[in-house]
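*Asks:* predicted model follows, preceded by the sequence.
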Amino acid sequence: MHFRPTRAEINRDALSHNAKVARQLAGKSHLLGVIKADGYGHGVLTVAEAISAHVDAFAVAFIDEAITIRNAGFQHPIVLLEGCFSEAELPVCAHYNFQPVVHQQQQLDAILTARMVRPLSVWLKVDTGMHRLGWPKGQVQSVYNQLKASAQVGSVTMMSHFANAENQTHPLNNHQLALFEEVCAQTESKLDTSLATSAALVSSAIDMTQNNGHWIRTGILIYGDNPVGNPKPLPEPLIAAMRLVAPIIALREVKAGESVGYGGTWTAGRPSLIATVAIGYADGYPRHARNGTPVMINDQEAPLAGTVSMDMITVDVTDLNAVAIGDDVELWGPNLSVARVAEHAETISYDLLTSITARVPRVTT
Ligand SMILES: *Cc1c(COP(=O)(O)O)cnc(C)c1O
């Protein structure tokens, strides 16, 4: 029971619709639904349920996230994108069909010396230029051969990660792709691979969907945001799965020359009507959202006026008609894209979606 109306409405139908769009785009490829970080803030079990029919497997960052999903009864394979932190996780992986990424020597050693109840499926990560996780080109073949020769290991999927996929014309994309294909060609001809993420799936420059046995790892598309500027035509538009809403709790007139909020960063240039809205940075609304960041009130856009507080924001509603205390304000959602708000806060949609805090109830619609 919550008295405060501030909430994140999560639209199940939008999640499954977007997953279906991703499925269509993926062509012959397999689809991995990325549901780490509590399903990008939407509630991991809500997301898992909504997309389970449209994806071949799930991916999360680490084992605790996978256990939550398995305990809720989902049977899909679950990839652990950071792999294991210690060998104590390996029997759990084998038992639950969690498929760890192997990206460094300690992880490899732990697998090769473990005694597992059944062989593990693993994902061998190649560093093709992101320089965050993975084996350099020169070591990949030896790691692959050691994994394949081990009784502890069942299948090995080769993977890598683009550093600039959202920028379709970035020269590193083709360089990474070529390096990945070169390394894969050295190992075996019929290899499962995984390189594309959401950005590559909607990019008109990179197409991985014709590769047999390719696994596309898609996150942000499922939540309704398109990460590239000039995507290829989609079979159907994506729908924002989260609508972040808060009520107007006060309205006041300020005179020209008066300022609003902490630090007085916004000053009225004319007699103005200011709405105070019950959401702030303690709810995950970005404190760095600048003056002018849009919000939606009764189908009209209005600009943020004044610094974001812990529990409240202030909005210039002078030009709106029919604004009242209690009216819903949409901070982002189907009528105002989270990507647009992110631009005004000098960040990305992923950051905003995963920053909504626990005190904001997720209301599934
Ligand atoms: C989070 C993550 C993804 C998902 O990326 P999207 O841009 O949301 O599709 C894919 N691969 C890895 C390794 C990730 O960490």
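*Replies:* Right, received. Where do you want to start?

*Asks:* please make it C-alpha for all contacts and neighbour counts, starting now.
*Replies:* OK.

*Asks:* residues from the stretch 101-250 of the chain in reach of the ligand?
*Replies:* Contacts of the stretch 101-250 of the chain with the ligand, taken as CA under 6 Å from any ligand atom, map to 197-199, 217-220.

*Asks:* tell me which entries of those lie within strands.
*Replies:* Applying DSSP state E to these, the entries found in strands are 217-218.

*Asks:* a markdown table for the residues of the stretch 101-250 of the chain next to the ligand, including neighbour count and pLDDT?
*Replies:* Listed next are those as a markdown table, based on neighbours: other CA atoms under 10 Å; pLDDT from 0 to 100:
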| residue | neighbour count | pLDDT |
| --- | --- | --- |
| Thr197 | 24 | 93 |
| Ser198 | 22 | 94 |
| Ala199 | 25 | 93 |
| Arg217 | 24 | 97 |
| Thr218 | 26 | 97 |
| Gly219 | 24 | 98 |
| Ile220 | 22 | 98 |
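
*Asks:* Gln104: which of the residues of the stretch 101-250 of the chain next to the ligand is nearest?
*Replies:* Closest approach to Gln104 among these (CA to CA): Arg217, at 20.9 Å.

*Asks:* the closest one against Ala199, yeah?
*Replies:* No: applying CA atoms under 8 Å, one finds Arg217 not in contact with Ala199, separated by 9.8 Å.

*Asks:* per-residue confidence at Leu133?
*Replies:* Listed pLDDT for Leu133 reads 97.

*Asks:* typed the wrong thing, it's Thr187
*Replies:* The score at Thr187 is 85. That number is its pLDDT.

*Asks:* with adjacent residues omitted, what lies nearest to it?
*Replies:* Ranked by CA to CA, 6 or more residues apart in numbering and with sequence neighbours excluded, the top spatial neighbour of Thr187 is Gln141, at 6.2 Å.

*Asks:* got the buried residues for the strand or helix carrying that neighbour?
*Replies:* If you go by DSSP states H and E, Gln141 is part of helix 137-149. By neighbour count on 16 or more other CA atoms under 10 Å, the buried set for helix 137-149 is 140-141, 143-144, 147.

*Asks:* so which other helices or strands are in contact with it?
*Replies:* Using 3 or more CA pairs under 8 Å, 6 or more residues apart in numbering; DSSP states H and E, the elements in contact with helix 137-149 are helix 105-113, strand 153-159, helix 171-187.

*Asks:* which other residues reach the last one?
*Replies:* Contacts of helix 171-187 from elsewhere in the structure, counted by CA atoms under 8 Å, 6 or more residues apart in numbering, are 126, 128-129, 137, 140-141, 144, 158, 160, 162-165, 191.

*Asks:* how does it look with 10 Å?
*Replies:* The contact list for helix 171-187 (CA atoms under 10 Å, 6 or more residues apart in numbering) reads 126-130, 136-142, 144-145, 157-168, 190-196, 200, 205-206, 208.

*Asks:* what's the ChimeraX line that selects buried ones from those?
*Replies:* Buried members of the contacts of helix 171-187, defined by 16+ other CA under 10 Å, are picked up in ChimeraX with:
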select :126,127,128,129,136,140,141,144,157,158,159,160,161,162,163,164,165,166,167,168,191,192,193,194,195,196,200,205,206,208
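
*Asks:* list the residues that contact Ala19.
*Replies:* 13, 25, 31, 33, 50-55, 218-219, 221-224, 238.

*Asks:* do a quick rundown of the helices in the chain.
*Replies:* Per DSSP state H, the chain carries helices over the ranges 12-26, 36-40, 44-51, 63-71, 90-96, 105-113, 137-149, 171-187, 198-202, 338-344, 349-355.

*Asks:* just checking, Cys84 touches Gln105?
*Replies:* No: using CA atoms under 10 Å, Cys84 makes no contact with Gln105, being 11.7 Å away.

*Asks:* counting by contacts, list what the top strand by length along the chain packs against.
*Replies:* For the chain, the strand with the greatest residue count under DSSP E is strand 242-254. Other elements packing on strand 242-254 under the criterion 3 or more CA pairs under 10 Å, 6 or more residues apart in numbering; DSSP states H and E are strand 7-10, helix 12-26, strand 272-277, strand 294-297, strand 313-316, strand 328-332, helix 338-344, strand 362-364.

*Asks:* possible to save the ones you listed as JSON lines with mean pLDDT and distance to Leu304?
*Replies:* Below are the helices and strands packed on strand 242-254 laid out as JSON lines (pLDDT from 0 to 100; distance: least, CA to CA, whole Å):
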{"stretch": "strand 7-10", "mean pLDDT": "98", "distance to Leu304": "19"}
{"stretch": "helix 12-26", "mean pLDDT": "97", "distance to Leu304": "28"}
{"stretch": "strand 272-277", "mean pLDDT": "98", "distance to Leu304": "10"}
{"stretch": "strand 294-297", "mean pLDDT": "98", "distance to Leu304": "6"}
{"stretch": "strand 313-316", "mean pLDDT": "98", "distance to Leu304": "4"}
{"stretch": "strand 328-332", "mean pLDDT": "98", "distance to Leu304": "10"}
{"stretch": "helix 338-344", "mean pLDDT": "98", "distance to Leu304": "10"}
{"stretch": "strand 362-364", "mean pLDDT": "98", "distance to Leu304": "24"}
